[in-house]
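In: predicted model and sequence follow; I will ask about them next.
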Amino acid sequence: MDWKNFFYFSRREKQGILLLLVFVAGIFAGKWIFSSAKPEPLAESEFVEQVVTQTNNPANIPERPVNTPVYNNNRQSPSRNYSSQQEQQRTYYVQGKEPVVRPNPPTEKFPQGTVIELNEADTVILTRIPGIGPAFAKRIIAYRKTLGGYHRIEQLQEIYGMYEELYTQITPYLKINPESIIGIPVNSASIERLRAHPYINFYQAKAIVELRKKRGQLSGIEELYLLEEFTPDDWMRITPYLVF
């Protein structure tokens, strides 16, 4: 092979090679000129100052330049810079304090000699009786509803929590009207209605219903005396509440 002829270029080829070399050189020169300059390494004093700043700012939040506006997250608009005087004029809402619980004024009690009807009195009237508070007044009324009304003062002794001294203290203030009692219709009441009374249990209620089915319409308490489920004391207590 003739190496002399191999490296021989015509004039046009030499011009093309020269332009290609200029183009490649221009690319490298432009890349070097327009590339961002690398940050210079921090001096030792500057590095120490930066570490101290980050240590004093635990949240590592970069400090905002003085003239940089602050933007509201909702409206994306620069917030206002308030002066110290405007800061003092702001209105702040104070957290509410715990409500003050004040005891109710004492209830004025009835004087001696006052007598009230037990089956018509409400809790307000009962609490005016010396010795009876709101809780005990509610118990008296609740038991009165369960019975259908009181027919004897002695029935108050059946209330939970009643003690002898209190019973002796309140009885002079009470009287009873037997006509205010709400009775149980024996010939139409169901077992559930009968057993709901404090003086009648399930077996006694069932015996009354069974006797009613056998004899039909019952005319009086005498027809129930033969039931073995009741004792004489039971009849004494329940008779005022049975209606035929």
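Out: Cool, the structure landed.
In: now do the domain split for the chain, please.
Out: The chain is divided into the following domains under automatic domain parsing: 116-180, 184-243.
In: save those as a markdown table, and put in mean neighbour count, mean pLDDT and distance to Lys14 too.
Out: Placement of C-beta: from N, CA and C, glycine included. Below are these laid out as a markdown table (neighbours: other CB atoms under 10 Å; pLDDT from 0 to 100; distance: least, CB to CB, whole Å):
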| stretch | mean neighbour count | mean pLDDT | distance to Lys14 |
| --- | --- | --- | --- |
| domain 116-180 | 15 | 96 | 119 |
| domain 184-243 | 15 | 94 | 122 |
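In: can you list the ones you listed in JSON lines and add distance to Ala25?
Out: Converted to JSON lines, those look like this (distance: least, CB to CB, whole Å):
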{"stretch": "domain 116-180", "distance to Ala25": "105"}
{"stretch": "domain 184-243", "distance to Ala25": "110"}
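In: and of those, who's closest to Ser10?
Out: Evaluated over the domains of the chain, closeness to Ser10 peaks at domain 116-180, with 123.3 Å, by CB to CB.
In: what about that closest one, start to end distance?
Out: For domain 116-180, the first-to-last residue distance is 14 Å (CA to CA, to the nearest Å).
In: of the domains of the chain, which is nearest Leu19?
Out: Once those are compared by CB to CB, domain 116-180 is nearest, at 110.7 Å.
In: quick check: chain neighbours aside, which residue is closest to Ile182?
Out: Of all residues not flanking Ile182 in the chain, Gly148 sits nearest, at 4.1 Å (CB to CB, 6 or more residues apart in numbering).
In: what about that neighbour, distance to Thr171?
Out: Separation of Gly148 from Thr171 (CB to CB, to the nearest Å): 21 Å.
In: next: Glu229.
Out: 33 Å.
In: select the longest helix from the chain.
Out: Among the segments of the chain that qualify as a helix by DSSP state H, the longest is helix 11-34.
In: could you pull up the contacting residues of Glu223?
Out: 211, 215 (CB atoms under 8 Å, 6 or more residues apart in numbering).
In: ditto for Ala207
Out: By CB under 8 Å, 6+ apart, Ala207 lies in contact with 227-230.
In: and these, which two are furthest apart?
Out: Among those, Glu228 and Phe230 lie farthest apart (CB to CB), at 7.6 Å.
In: quick one: the helices in this structure?
Out: Using DSSP H, the helices of the chain run over residues 3-6, 11-34, 44-56, 84-88, 123-126, 134-147, 164-170, 191-195, 202-215, 232-238.
In: which stretch among these comes nearest Pro185?
Out: Of all the helices of the chain, helix 191-195 comes closest under CB to CB, at 8.4 Å.
In: show me what the closest one is packed up against.
Out: helix 202-215 (3 or more CB pairs under 8 Å, 6 or more residues apart in numbering; DSSP states H and E).
In: CA atoms only for the helix it packs on - export them in CSV, please.
Out: Extracted C-alpha coordinates of helix 202-215, given in CSV (Å, rounded to 0.1, in the frame of the first residue of the first chain):
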residue,chain,number,x,y,z
PHE,A,202,-95.9,-13.5,88.3
TYR,A,203,-97.5,-16.6,89.8
GLN,A,204,-100.2,-14.6,91.5
ALA,A,205,-100.9,-12.6,88.3
LYS,A,206,-101.2,-15.9,86.4
ALA,A,207,-103.6,-17.4,88.9
ILE,A,208,-105.9,-14.4,88.6
VAL,A,209,-105.9,-14.7,84.8
GLU,A,210,-106.6,-18.4,84.9
LEU,A,211,-109.5,-18.0,87.4
ARG,A,212,-110.9,-15.3,85.1
LYS,A,213,-110.8,-17.7,82.2
LYS,A,214,-112.7,-20.4,84.1
ARG,A,215,-115.4,-18.3,85.7
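In: could you report the neighbour count for Gly30?
Out: By the criterion of other CB atoms under 10 Å, Gly30 has 10 neighbours.
In: no further questions, thank you.
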